[in-house]
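no FASTA, just this:
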């Protein structure tokens, strides 16, 4: 039984030292070579910090250093906090401070020059022939934190989501076997390391002795061709990639003959998308996955039948999310907290995270059983410790389908949306806009783009406002996927009968602006 994240890689490195573990551009590393790179970086981290650090930021992407660095942090039993070099400097610094990082391992010194903690930017062009350092057998505890990811927060500040080794090991114990990853398997790596689905890519591949195949940005612009050229056996991405490939007219019949598994997560998968992809990968089993970061990567699955004629028909045209993984419990609750066939999904079990990095963020996000009200359940208000008995409130509306479909995802209960799979709290964008000089109020809404994708639009009220200046302020604070496509300035915002901002009216006004 593997109890830490690193052990999933180490077991394969011991069993398959000469099998390919990583392909990045022209770099091809066996398990033995990748392990050596990780060991060297681990030693440098300890020297740079003067001991084993607690939390290490990883400011790198799509390079040998990024993946060896991730393993290096796990090798010394520390917690990794991925940072995206493409994100604004102000946001990266906010994560460094909120995460209380000890140091940052960076791909380039220049990208980390602004940070308030020590930075290690080693030149590791080729360490495959260097002697291995002597490293003590450091090991994380199963209840220790393997990684912390920062998601969008409704108050304007990113929320830290720590995930224990026990959470991610319970997850990997299920998915590595389910998706038959073995030596010879070639697994896609489409997600940035700041996206929790990247953990599936890395450690499902390495946990089974397969090869992690990393595309560059050019490859992601032609995903179907890349799958075919690289002879991938396992594909994992957000459904938006299917829509993109369809717009490029690249999903021809049988275009991806090597694929055996096609997995999608991060946003609703439509039946139309599934049919398009399935036709291009006829020998691939297609599954729709679901799960918030707080429930460790994904927590539910639905496998589409081989016969498209037997695919389920849902009211909203999406593929069901199916059933929860082993070791998880669920309730569906109506607005009063009573069990129902349709309502909010709440979950507890082996994959549920221990609570947010800032305990204040736990308030209202959990519930516990108890003698409070007719439902017998009460919302967690921050009093007392969180225990394994607390249910995590996903904020997702689901329907328990009476057929074999299991759960069907119906949408959100709040203002959270998904953009290219990334979780976005509209309130975080609104908070930045309201902080600008001259802005009286701001509203951000999600509308449907020309290809059916989710697009953000913003409206501000105030005096002396220029859309270009507001957009520039957002780009300086937020990742690109959180910057609205357009910013309009209104004299006033429409209100509903209750005197609240009428978001539906705003959406209807903006929906066709750029179509």
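Sure, I can see it. Since this is a predicted model, take the numbers as computed values, not measurements.

which helices and strands does the helix of greatest length in the chain pack with?
The residue-count maximum for a helix in the chain (DSSP state H) belongs to helix 31-49. If you count contacts as 3 or more CB pairs under 8 Å, 6 or more residues apart in numbering; DSSP states H and E, helix 31-49 packs onto helix 5-15, strand 20-24, helix 64-75, strand 103-106, strand 119-120. The C-beta positions use only the backbone N, C-alpha and C, and glycine is treated the same way.

Out of these, the one nearest residue 324 is which?
Closest to residue 324 of these is helix 5-15 (CB to CB; 21.8 Å).

Just the buried residues of that closest one, please?
Across helix 5-15, burial judged by 16 or more other CB atoms under 10 Å covers 5, 6, 7, 8, 9, 10, 12, 13.

now swap in stretch 484-502 and tell me
In terms of neighbour count (16+ other CB under 10 Å), stretch 484-502 has its buried residues at 484, 487, 488, 489, 493, 501, 502.

if we look at that stretch, which residues are touching it?
Contact with stretch 484-502 is made by 429, 433, 441, 443-444, 449, 455-462, 465, 467, 470-471, 474, 505-506, 509-510, 513-514, as judged by CB atoms under 8 Å, 6 or more residues apart in numbering.

repeat for stretch 295-302
Defining contact as CB under 8 Å, 6+ apart, one finds that stretch 295-302 is touched by 163, 167-168, 170-171, 175, 178, 196-197, 199-200, 265, 287-292, 319-325, 328, 347, 351-353, 392, 394, 405-407.

picking that back up, with respect to pLDDT, which of the buried residues of stretch 484-502 ranks lowest?
In terms of pLDDT, the least confident member of those is residue 501, at 80.

I'd guessed residue 275 sits against residue 308; true?
Yes - the pair residue 275 / residue 308 is scored as a contact, 6.3 Å apart, by CB atoms under 8 Å.

who touches both of the two?
The contact sets of residue 275 and residue 308 do not overlap (CB under 8 Å, 6+ apart).

Excluding chain neighbours, give the residue nearest to residue 200 in space.
Distance criterion CB to CB, 6 or more residues apart in numbering; nearest residue to residue 200, sequence neighbours excluded, is residue 297 at 5.4 Å.

gap between that neighbour and residue 209?
20 Å (CB to CB, to the nearest Å).

Looking at the two, which is more packed in?
Comparing residue 297 with residue 209 by other CB atoms under 10 Å, the one with more neighbours is residue 297, at 24 against 21.

Let me know the secondary structure of the more buried one.
coil (DSSP: H, G, I helix; E, B strand; the rest coil).

do the same with residue 336
Classification of residue 336 using three-state DSSP returns coil.

Just the element for residue 90, please.
helix 89-98 (DSSP states H and E).

I'd like the mean pLDDT over that helix, please.
When pLDDT is averaged over helix 89-98, the result is 93.

what does that helix contact?
By CB under 8 Å, 6+ apart, the residues outside helix 89-98 that reach it are 57, 59, 81, 83-84, 104, 114-117, 150, 157-158, 160, 357-358, 476-479.

Could you pick out which of those residues are located in strands?
Under the assignment DSSP state E, the contacts of helix 89-98 contribute 57, 59, 81, 83, 104, 150, 160 to strands.

would you list those in a markdown table and tack on pLDDT, neighbour count and distance to residue 24?
Formatted as a markdown table, the ones in strands among the contacts of helix 89-98 follow (pLDDT from 0 to 100; neighbours: other CB atoms under 10 Å; distance: CB to CB, whole Å):
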| residue | pLDDT | neighbour count | distance to residue 24 |
| --- | --- | --- | --- |
| 57 | 98 | 28 | 20 |
| 59 | 97 | 26 | 17 |
| 81 | 98 | 28 | 21 |
| 83 | 96 | 27 | 18 |
| 104 | 97 | 24 | 21 |
| 150 | 95 | 24 | 25 |
| 160 | 96 | 19 | 28 |
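
Those: which two are farthest apart?
The most widely separated members of the ones in strands among the contacts of helix 89-98, counting by CB to CB, are 59 and 160 (16.4 Å).

Okay, buried residues for stretch 309-318 please.
By neighbour count with 16+ other CB under 10 Å, stretch 309-318 contains the buried residues 311, 312, 314, 318.

What's the end-to-end length of it?
Stretch 309-318 has its terminal residues 15 Å apart, counting by CA to CA, to the nearest Å.

What are the contacting residues of that stretch?
Applying CB under 8 Å, 6+ apart, the external contacts of stretch 309-318 come out as 268-272, 274, 304-305, 319-320, 399, 401, 403-405, 408-410.

One more pass at 10 Å, please.
If you take CB atoms under 10 Å, 6 or more residues apart in numbering as the criterion, stretch 309-318 is touched by 239, 267-275, 278, 286, 288, 302, 304-305, 319-320, 322, 399, 401, 403-406, 408-411.

what sits against residue 112?
57, 59-60, 83, 85, 89, 92, 96, 103-106, 118-121.

ditto for residue 209
Per CB under 10 Å, 6+ apart, neighbours of residue 209: 11-13, 15-16, 19-21, 31, 176, 181-185.

Quick one: buried ones out of those residues?
Buried among these by 16+ other CB under 10 Å: 12, 13, 16, 19, 20, 21, 31, 176, 181, 185.

could those go into TSV alongside distance to residue 50 and pLDDT?
Converted to TSV, those look like this (distance: CB to CB, whole Å; pLDDT from 0 to 100):
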residue	distance to residue 50	pLDDT
12	32	98
13	28	98
16	35	98
19	36	98
20	36	98
21	31	98
31	30	98
176	36	97
181	38	98
185	40	98
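
Of these, which pair is most distant in space?
Going by CB to CB, the pair spanning the buried ones among the contacts of residue 209 furthest: 20 and 176, at 17.4 Å.

Can you mark which positions in the helix or strand of the chain with the lowest mean pLDDT are buried?
Between all helices and strands in the chain, the lowest mean by mean pLDDT, DSSP states H and E belongs to strand 377-379, at a mean of 80. Within strand 377-379, the residues that count as buried by 16+ other CB under 10 Å are residue 377.

Show me the contact partners of it.
331, 333, 336-339, 346, 363-373, 391, 393.

Show only the entries of those found in strands.
Reading strands off these with DSSP E, I get 331, 333, 346, 366, 367, 368, 369, 391, 393.

Quick check on the contacts of strand 377-379: which are buried?
Buried by 16+ other CB under 10 Å: 331, 333, 337, 346, 365, 366, 367, 368, 391, 393, out of the contacts of strand 377-379.

The last one against residue 413, yeah?
Yes - with contact taken as CB atoms under 10 Å, residue 393 and residue 413 are classed as touching, separated by 8.8 Å.

Between the two, which contacts overlap?
Contacts common to residue 393 and residue 413, judged by CB under 10 Å, 6+ apart, are 344, 345.

picking up where we left off before, now the longest helix of the chain and helix 5-15, what's the angle there?
With axes from the mean of the first three to the mean of the last three CA atoms, to 10 degrees as the basis, helix 31-49 and helix 5-15 are set at 140 degrees to each other.

Identify each buried residue in helix 31-49, please.
For helix 31-49, a neighbour-count test (16+ other CB under 10 Å) marks 31, 33-46, 48-49 as buried.

Would you map out the domains in this protein?
Taking automatic domain parsing as the domain assignment, the ranges for the chain are 1-129+136-165, 323-412, 416-510.

Ramachandran angles for residue 117?
Main-chain dihedrals, residue 117, degrees, to the nearest 10: phi -130, psi 160.

measure it to residue 88 for me?
Going from residue 117 to residue 88 by CB to CB gives 17 Å.
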